[in-house]
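Asker: Got a predicted structure here, sequence first:
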Amino acid sequence: MSDLPPTLDLPGTESATLEEWTSNDAFKVQDALSIARGDPEYTFYDGPPFATGLPHYGHILAGTIKDVVTRFACGRGFRVERRAGWDCHGLPVEYEIDQMLNITHREQVLEMGIDKYNDTCRSIVTRYTSEWVSTVTRLGRWIDFENDYKTMDVSFMESVWWVFGQLHAKGLVYRGYKVMPYSTACGTVLSNFEAGLNYKEVRDPAVTISFPIASEGWENVELTAWTTTPWTLPSNLALCVHPELVYVVVKDVVKNKTYVCAESRLCQLFPAMNSKKYKPKDAHKHYEIVKKCVGKDLVGLTYTPVFQYFKDHSSSSRFWKVLSDTYVTDDSGTGIVHQAPAFGEDDYRVCLKHGVIKKGEEIVCPVDVNGLFTDEVPEVKGVHVKKADETLIKLLKESNRLVQKDNLSHQYPYCWRSDTPLIYKAVPSWFIRVEDIRDKIIENNKKTYWVPSAVGEGRFHAWLRDARDWAVSRNRFWGTPMPIWASENFDEIVCVDSIDRLEELSGGRGKD
């Protein structure tokens, strides 16, 4: 210890070390020697950062850990290619450009020209690269910034095409639907990030609707469901109960009607129960319990749809049945949830799980890209969904399906661009069949050496176990184009897996 100086200048020592590495070109020399020796390759996958923002603590910590891994591999006699990369595509870039150019509608981009819009995006993606180089170098991480790559490079995008082509050739690609936040004013989907930018307090109609049971032995009994989106009722394809909740068949002694709802949600059908003046001994004045059952006992019952718009649909034999799923709760409504798979993520998942809808099939969706009803619902044809509620409620009342009507104040997402209400809508997407190869993925995960092992055996294993088909397409302008060409009815699909193949089919290679 006597050889140590009386004071240690750690920052100065770090700077001196960096200067020595730079003057000796230490990183390049090490790599050249590794190549000359023929060291075996150690492949290290490193997700590139966005260079539209400055590095922060999360980047610094992860970068340090990555540097430790690659240095350790080199110390064990491997050659590790460490090229710096930049993630240039996606929402963060488009969001910044939209703010810069005051773009609020998709049509504005089309009027501007996609090429000009993308050129503007390209102009900012490497804005902070010098700051990144300075910070990462100061940390002592060895990584090649001179031979970097960008996800907007044609060569990189072509490699994505090749991977996609391999998946397509194996039958692992298909066109389906994904329910996403959707701006009817802009005519485009939004990311979950965008959907959370602009919430407002709104007042919406809340209705309880009856669904007469059509199954034998349940004559004159009606299921009930509550919704704050009456405009989705023309697209109703099923009802969903919780398999373990207790449900009651209850007679409304005033209306002389018999309904089904969760026992814990009788107050939805009989609002007098919510009054402070209500006394349980007065229950007989309002209702009479006919019988009780659990949700799973209701599964499979069929019912008469609210509207008849899709009674002649080619898949109608699979529609209008009672399903079950544990996402149903009894904290509001009737404990029975109406399912419109075109307009709800859980609705879509549950209906797909129970075979009401199928992958690759067209979905019942009588709403166009601007949020207007199509001629499939003639009474509100051309009317925006959020303005159609009152007309539809009137129709429900006339058909004697309206049990209760109220209004509810709640937080609702608005489009940050147009300041108009968002809806959730099933949009066409391209999927990778993850579920078909899930068992193989799980087996490969078991062969993977995890540090700590609890991550691979716990959280990551659970994520893989529940993995669903992956929606890989996005409705954006600034990104790698999907290499799919299809006929209008999708009977003919061509997947282009290289620029040479593109030239062979189209006669041109394209410049970008």
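Answerer: That came through, no problem.

Asker: Apart from its chain neighbours, what residue comes closest to the residue nearest in space to the middle of the chain?
Answerer: The centroid of the chain falls nearest to residue 180 when counting by CA atoms, centre = their mean (6.0 Å). Spatial nearest neighbour of residue 180, chain neighbours left out: residue 189 (4.2 Å); criterion: CB to CB, 6 or more residues apart in numbering. The C-beta positions use only the backbone N, C-alpha and C, and glycine is treated the same way.

Asker: give me the beta-bridge partners of that neighbour?
Answerer: residue 182 (DSSP bridges).

Asker: Now for it: which residues touch it?
Answerer: 180, 181, 182, 183, 425, 427, 474, 475 (CB atoms under 8 Å, 6 or more residues apart in numbering).

Asker: Then residue 150?
Answerer: Neighbours of residue 150 in contact, by CB under 8 Å, 6+ apart: 85, 86, 88, 125, 126, 156.

Asker: Give me the subset of these lying in helices.
Answerer: The helices, defined by DSSP state H, take in residue 156 from the contacts of residue 150.

Asker: Of the contacts of residue 150, which count as buried by neighbour count?
Answerer: The neighbour count (16 or more other CB atoms under 10 Å) marks 85, 86, 88, 125, 126, 156 as buried among the contacts of residue 150.

Asker: ok, the nearest residue to residue 326 once chain neighbours are set aside - how many residues close by?
Answerer: Of all residues not flanking residue 326 in the chain, residue 242 sits nearest, at 6.2 Å (CB to CB, 6+ apart). Counted with other CB atoms under 10 Å, residues neighbouring residue 242 total 21.

Asker: From what I see, residue 242 and residue 334 are in contact.
Answerer: No - with contact defined as CB atoms under 8 Å, residue 242 does not reach residue 334; the gap is 11.4 Å.

Asker: list residues touching both of these two?
Answerer: The contact lists of residue 242 and residue 334 share residue 262, where a contact means CB under 8 Å, 6+ apart.

Asker: Go ahead and confirm the residue nearest to the centre of the chain touches residue 423.
Answerer: No - with contact defined as CB under 8 Å, residue 180 does not reach residue 423; the gap is 9.9 Å.

Asker: what residue ranges in the stretch 1-150 of the chain score low on pLDDT?
Answerer: Along the stretch 1-150 of the chain, segments meeting pLDDT under 70 span 1-2.

Asker: Following the longest strand seen in the chain in sequence, what is the next regular element?
Answerer: Longest strand in the chain by number of residues, with DSSP state E as the criterion: strand 199-212. Helices and strands here follow DSSP states H and E; after strand 199-212, the next one along the chain is strand 221-227.

Asker: tell me the average confidence for that next one?
Answerer: For strand 221-227, the mean per-residue pLDDT is 97.

Asker: Please pull up the helix or strand immediately following it.
Answerer: strand 238-241.

Asker: Only C-alpha atoms, please: export that following strand in PDB.
Answerer: What follows is strand 238-241, C-alpha atoms only, in PDB (Å, rounded to 0.1, in the frame of the first residue of the first chain):
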ATOM      1  CA  ALA A 238     -72.100 -13.200 -27.700                       C
ATOM      2  CA  LEU A 239     -72.600 -12.700 -24.000                       C
ATOM      3  CA  CYS A 240     -69.900 -13.600 -21.400                       C
ATOM      4  CA  VAL A 241     -70.300 -14.600 -17.700                       C
END
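
Asker: And the helix or strand that comes right after it, what does it pack against?
Answerer: The helix or strand immediately downstream of strand 238-241 is strand 246-252, counting by DSSP H and E. Using 3 or more CB pairs under 8 Å, 6 or more residues apart in numbering; DSSP states H and E, the elements in contact with strand 246-252 are strand 257-262, helix 266-269, strand 287-294.

Asker: Reformat the buried ones among the contacts of residue 150 as a markdown table; add distance to residue 326.
Answerer: As requested, these are exported to a markdown table (distance: CB to CB, whole Å):
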| residue | distance to residue 326 |
| --- | --- |
| 85 | 42 |
| 86 | 43 |
| 88 | 41 |
| 125 | 44 |
| 126 | 48 |
| 156 | 42 |
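
Asker: Which of the helices and strands packed on strand 246-252 sits closest to residue 8?
Answerer: strand 257-262 (69.7 Å; CB to CB).
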